[in-house]
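Chemist: here's a sequence, model it:
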Amino acid sequence: MAGRIEDYALIGDMQTAALVCRDGTVDWLCLPRFDSHAIFAGLLGTEEHGFWRLGPAHAADAEPPTAARRTYRGDSLILESEWDTSRGTVRVTDFMPPRDGAPQLIRIVEGVSGRVPMRSALRMRFSYGRVVPWVHKHEGRTVAVAGPDSVWFDTDCETYGKALTTYSDFTVAPGDRIAFTISWEPSHKQPPPLPEPEQSLEATEDFWREWVEHCTYHGPYREAVIRSLITLKALTYAPTGGIVAAPTTSLPEDIGGVRNWDYRYTWLRDAAITLSSLLRTGYREEARAWREWLLRAVAGDPENLQIMYGIAGERELGEAELDWLPGYENSAPVRVGNGAAHQLQLDVYGEVTEALHLAHMTGLSRNDYASLLQLKLIRYLEQHWDEPDEGIWEVRGPRRHFVHSKVMAWVAVDRTIKLIESGDADGPLEKWRELRDDIHRDVCEKGYDKERNTFTQSYGSKELDASLLLIPQMGFLPPDDKRVIGTIEAIQRELSTSDGFILRYPTTSGDENVDGLPGDEGAFLACSFWMADDLAMIGRVDEARKLFEKLLALRNDLGLLAEEWDPRLKRQVGNFPQAFSHVPLIDTALRLTASGAYGG
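Modeler: Numbering: from 1, shown residues only. Below is the predicted model of the structure:
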């Protein structure tokens, strides 16, 4: 069985990523891209679906020992795990060097003390665990081939095959360093170059050190902010600038349930807010690359903006179920692709426009096509803002007039008006000012419950929705407006878990599931960070700080967060690590630092 979600570490090369468990097992890796088929899919099934374990040898009928300690080397994505055994201590260093050639996963075993027997067990299964490759020797190297893919395994240790698995048994003493590398290459091409593990390790460490030096945040939460920024960088697909929401698919929001989705794509919403956090912390190059990705992705059809695209801008992300995989802790189905790609989510127009506005305000060089795109998006909203949609949470029930969607439509118009007022674009200024006022009036009249003094999830609804917490953050209403304060307090009363974290919305109303799906879900971490932001904005800064620090305590030992927190099971749930959790962590840290609301 796979480990708990928080038992995993992330390593990656800005084109794909692997998850490494505490026992030294790589249970998830897609090659050569985030959205490629997995060669290790044990995370969503069993060891039969692919894994690579490297750690101290253990009896066949015993559980693999877990590392006594693990950490990232400094501010990097280089993982170091140490085991203390009866025979001594050993360290394994795992990393994926940033690349311009074949993707590589490198694992270096180092003896620390004593003499420790070790074992590498490598079971490659292509096509998400369904295909057993042809494994053979080629000029002294081990290669696994299936269809268009080949994976090359290099080590100085002797290897042998048993039960369709490649093993290496060896012993390390102090000072010993033994490397293992897998490299992917299209099967019709020549073999990839022989790896150079030590040189690659040095280059990888240099890369991350130099990247982190650009961070402009030096406040009291720097450790958490830096780790979140590194995670966001790791979720960026370097060749195009696209940003995936998470490197995994089908990690459940409800253990044993069906709320399992593929997040290995670029949601415009997630990518736009990621861009905003990167810009606020000094990373303008990533902002420029994402803006170029956006312009390519929507080129030729901006009126039909999709909510998500492939990492190179692909539009077709057809959803399918992999019925040979039982799912993480039997949470089925396992899905690849995402059928929500063609939903109507009007809030996306606001998030994209806000990101372009922030890029403009922070001095990113002007791009005339970006301004033209922004104008085209508003012309679309002129005709469609008052339609029902699926909303920020991608409900698979009927479309509704979601208040958050209308607020973000207002944001799109407001930011475009500011672009025109700055002289960097031309448009019908008075007409769009009237449109902005019309949307604002509509929301305040139809999306506000006067009796309860709160905005509601949708027009005519009594339900609440944590996305309403963004109303003051987006400038739709000032923080001291009684309707804003009333909404914050209502969400605290009605959407808080027993430990004070925030649910997105009530998944059931009476006997019905309001989002068209059975089952429940955990507290959505982004919403809890939004609550901390709002509390700080309305002057309840001590309360905001305490909530923020409770949220920081939910991170795993490496500073990583999934999408949600299950308050019943006291564990992380959902895809991991999740950009939509790490972005608001950064934003809240910046806000609390600016307000002086921090301890210590």
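Chemist: keeping just the C-alphas, turn stretch 402-414 into PDB.
Modeler: This file holds the C-alpha atoms of stretch 402-414, laid out as PDB (Å, rounded to 0.1, in the frame of the first residue of the first chain):
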ATOM      1  CA  PHE A 402     -22.500  32.100  -8.600                       C
ATOM      2  CA  VAL A 403     -21.700  35.300  -6.700                       C
ATOM      3  CA  HIS A 404     -17.900  34.700  -6.900                       C
ATOM      4  CA  SER A 405     -18.200  34.400 -10.700                       C
ATOM      5  CA  LYS A 406     -20.000  37.800 -10.900                       C
ATOM      6  CA  VAL A 407     -17.500  39.400  -8.600                       C
ATOM      7  CA  MET A 408     -14.600  38.200 -10.700                       C
ATOM      8  CA  ALA A 409     -16.400  39.500 -13.900                       C
ATOM      9  CA  TRP A 410     -16.500  42.800 -12.100                       C
ATOM     10  CA  VAL A 411     -12.700  42.500 -11.400                       C
ATOM     11  CA  ALA A 412     -12.100  41.900 -15.100                       C
ATOM     12  CA  VAL A 413     -13.900  45.000 -16.200                       C
ATOM     13  CA  ASP A 414     -12.400  47.100 -13.400                       C
END
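Chemist: show me the helices in the chain, by range?
Modeler: Taking DSSP state H as the criterion, the chain contains helices spanning 126-129, 197-212, 222-234, 268-280, 284-298, 347-361, 368-384, 403-421, 429-446, 470-473, 482-494, 525-537, 541-552, 579-595.
Chemist: buried ones in stretch 47-67, by neighbour count?
Modeler: 47, 49-57, 64-67 (16 or more other CB atoms under 10 Å). To be clear about C-beta, it is placed using only N, CA and C from the backbone, and glycine gets the same treatment.
Chemist: ignore the last one, stretch 356-367
Modeler: Within stretch 356-367, the residues scored as buried using 16+ other CB under 10 Å are 356, 357, 358, 359, 360, 364, 367.
Chemist: for the nearest residue to residue 111 once chain neighbours are set aside, list each beta-bridge partner.
Modeler: Closest residue to residue 111 apart from its sequence neighbours, by CB to CB, 6 or more residues apart in numbering: residue 172 at 3.6 Å. Counting by DSSP bridges, residue 172 is bridged to residue 116.
Chemist: wait, what's in contact with residue 172?
Modeler: If you count contacts by CB atoms under 8 Å, 6 or more residues apart in numbering, residue 172 has them with 90, 109, 110, 111, 115, 116, 118, 178.
Chemist: now list the buried members of those.
Modeler: With burial judged by 16+ other CB under 10 Å, the buried subset of these is 90, 109, 110, 111, 116, 118, 178.
Chemist: hmm, residue 554 is touching residue 571, no?
Modeler: No. Between residue 554 and residue 571 there is no contact under CB atoms under 8 Å: 9.5 Å.
Chemist: what touches both of the two?
Modeler: The contact sets of residue 554 and residue 571 overlap at residue 565 (CB under 8 Å, 6+ apart).
Chemist: looking at the helices of the chain, which is nearest to residue 500?
Modeler: Across those, residue 500 has its closest neighbour in helix 541-552 (6.4 Å, CB to CB).
Chemist: other SSEs contacting the closest one?
Modeler: Helices and strands touching helix 541-552, by 3 or more CB pairs under 8 Å, 6 or more residues apart in numbering; DSSP states H and E, are helix 525-537, helix 579-595.
Chemist: the longest one vs helix 525-537, what angle?
Modeler: Following axes from the mean of the first three to the mean of the last three CA atoms, to 10 degrees, one obtains 10 degrees for the angle between helix 579-595 and helix 525-537.
Chemist: any regions of the stretch 301-450 of the chain where pLDDT drops low?
Modeler: Scanning the stretch 301-450 of the chain for pLDDT under 70 picks out 396.
Chemist: now with 80?
Modeler: Of all residues in the stretch 301-450 of the chain, those with pLDDT under 80 make up the ranges 301-304, 363, 365-366, 394-397.
Chemist: what about stretch 218-231, distance to the chain center?
Modeler: Here stretch 218-231 is found 16 Å from its chain centre; the criterion is CA atoms, centre = their mean, to the nearest Å.
Chemist: got the contact list for it?
Modeler: 10, 72, 75-77, 208, 211-212, 215, 217, 277-278, 281, 283, 552, 555, 558-560, 577, 579, 582-583, 585-586, 589-590, 592-593, 598, 600.
Chemist: could you flag which of those residues are buried?
Modeler: Buried subset of the contacts of stretch 218-231 (neighbour count, 16+ other CB under 10 Å): 10, 72, 75-77, 208, 211, 215, 217, 277-278, 281, 283, 552, 555, 558-560, 577, 579, 582-583, 585-586, 589-590, 592-593, 598.
Chemist: closest to residue 141 out of the contacts of residue 172?
Modeler: Ranked by distance to residue 141 (CB to CB), these are led by residue 178 at 16.3 Å.
Chemist: all set now, cheers.
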